[in-house]
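J.: Sharing a sequence plus its predicted fold:
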Amino acid sequence: MAMDDGLSVYVNNKVLRCGHTTGTCAAAASKAAAVMAITGKVPGKVTITTPGGVTFNLPVEDPKVIDGKASCAVRKDGGDDIDVTHGTLVYSEVTLTSEGISIDGGKGVGRVTRKGLDQPPGNAAINRVPRTMISIALEEAATDCDYEGGFSAIISVPDGERIAESTFNPRLGIVGGISILGTTGIVEPMSEAAIIKTIEAEMDMKSAEGAKVMLVVPGNYGRDFADSIGIDSESAVKCSNFIGPMLDHACMLNTDILLIGNLGKLVKLAGGIMNTHSREADSRMEILAAYAIMAGGSADLAREVMGCLSTDDALAMIDKEGLIAKVSDLLAKRIEYHMEHRTGGRIRTAAIIYSSVYGLLSRTSLADELLAEIRGAA
């Protein structure tokens, strides 16, 4: 499919325009720069076909040609999934060599400093698929221009170091700039797959560093609570709403999981909901009302809970009948069941549930054991 035909996806009842990744930009800029270095001519656009089967015809910007060397840029377009790299110029400087293809990062492209990521420590943070795309693009340029020599390509993003401050790179141990990413070459708006890949990358890094038990939190509130009970939250992996995919990847890594989360998120887990985004499922009040009844609460209490807007409001209703501890323990047992069911018992899993108002609510049976191991490894 040609991008000129208009590539879009249907998300949440909306038609949204797709874009292209930094990897696609790097490959396209490399192809254009190679043509320029060989022929001395500047193409207005460059054609690149992505691993996802989409062909882009992308404008070439800021071209420069010197004997045997050329550089140019292609602008990142996130489509309707605008992120911090949207509109960024990705440059490639290509030098003609006697043979072979070498690819490295220049200004604004990060360097890997920790194990477990797509590239080994010391390499530029240009992931495997973009590297392959760049190599193919350079080979296409050589074929098109009847050139039999080699190439050296340096990928740079002049504003990359500043942009990287707003990405996961500092947490992942990638310093000095952004990563050149993309597995399909296409940016799909609001792509859950991209978020999950980022979570998995952080888990891979922790595993490569020797973590046998991973502390996982849905977000910053979980990290704050971890700090409050004496755990270094910098060691925590943030899984956002993707508890199920996080557990799946932990099984692949054979790494045990201690999940610390607010009741507003983890109550959904008690209902077997593994993607806790409200768009996917809510049922917070339905689950709390059911467990209030199981704990011996009245029908009036269940009705009051069903009318609440937040889990802390619901806990206030439950507290009137003195049932917070009992409801919390029942929820913890069910959370434990669903975590074990998802993982098939292949790894140890545990959870600590808290409320921003009521503090620690409950914990599953292995929570103290895994918590002690995390503290011992710190």
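T.: Happy to help now that I have it.

J.: Extract the residue ranges of the stretch 251-378 of the chain that are flagged as low pLDDT.
T.: 378 (pLDDT under 70).

J.: where exactly do the helices run in it?
T.: Using DSSP state H, counting those that start in this stretch, the helices of the stretch 251-378 of the chain run over residues 263-269, 284-294, 299-306, 311-320, 324-343, 367-377.

J.: Save those helices as JSON lines, and put in mean neighbour count too.
T.: Backbone N, C-alpha and C define where each C-beta goes, glycine included. JSON lines is the format used below for the helices of the stretch 251-378 of the chain (neighbours: other Cβ atoms under 10 Å):
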{"stretch": "helix 263-269", "mean neighbour count": "25"}
{"stretch": "helix 284-294", "mean neighbour count": "21"}
{"stretch": "helix 299-306", "mean neighbour count": "17"}
{"stretch": "helix 311-320", "mean neighbour count": "20"}
{"stretch": "helix 324-343", "mean neighbour count": "20"}
{"stretch": "helix 367-377", "mean neighbour count": "15"}
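
J.: Compare the ones you listed and report which one is nearest to Asp67.
T.: Checking the helices of the stretch 251-378 of the chain against Asp67 by Cβ to Cβ gives helix 367-377 as the closest, at 56.4 Å.

J.: Provide the angle between the direction of the closest one and the direction of helix 324-343.
T.: 70 degrees (axes from the mean of the first three to the mean of the last three Cα atoms, to 10 degrees).

J.: which residues touch the nearest residue to Arg284 once chain neighbours are set aside?
T.: Spatially, and ignoring its direct neighbours in sequence, Arg284 is nearest to Val267 (5.2 Å; Cβ to Cβ, 6 or more residues apart in numbering). Contact analysis of Val267 by Cβ atoms under 8 Å, 6 or more residues apart in numbering lists Arg284, Ile287, Leu288, Thr311, Leu331.

J.: measure Val267 to Met285 for me?
T.: In this view, Val267 and Met285 are 9 Å apart by Cβ to Cβ, to the nearest Å.

J.: And Ala208, by the same measure?
T.: 41 Å.

J.: Surely Lys31 touches Thr49?
T.: No. Here Lys31 does not reach Thr49: they are 10.6 Å apart, not a contact under Cβ atoms under 8 Å.

J.: between those two, who's got more neighbours?
T.: The neighbour count for Lys31 versus Thr49, taken as other Cβ atoms under 10 Å, is higher for Lys31 (31 against 18).

J.: Now that one. Nearest residue, chain neighbours left out?
T.: In space, and not counting its chain neighbours, Lys31 is closest to Ala137: 3.8 Å by Cβ to Cβ, 6+ apart.

J.: How about Pro130?
T.: Using Cβ to Cβ, 6+ apart and skipping the chain neighbours, the partner closest in space to Pro130 is Gly23 (3.1 Å).

J.: That neighbour: neighbour count?
T.: Count around Gly23 with other Cβ under 10 Å applied: 30.

J.: cool, and Ser365?
T.: Neighbours of Ser365 under the rule other Cβ under 10 Å: 10.

J.: same deal with Arg279?
T.: Residue neighbour count, defined by other Cβ under 10 Å, stands at 10 for Arg279.
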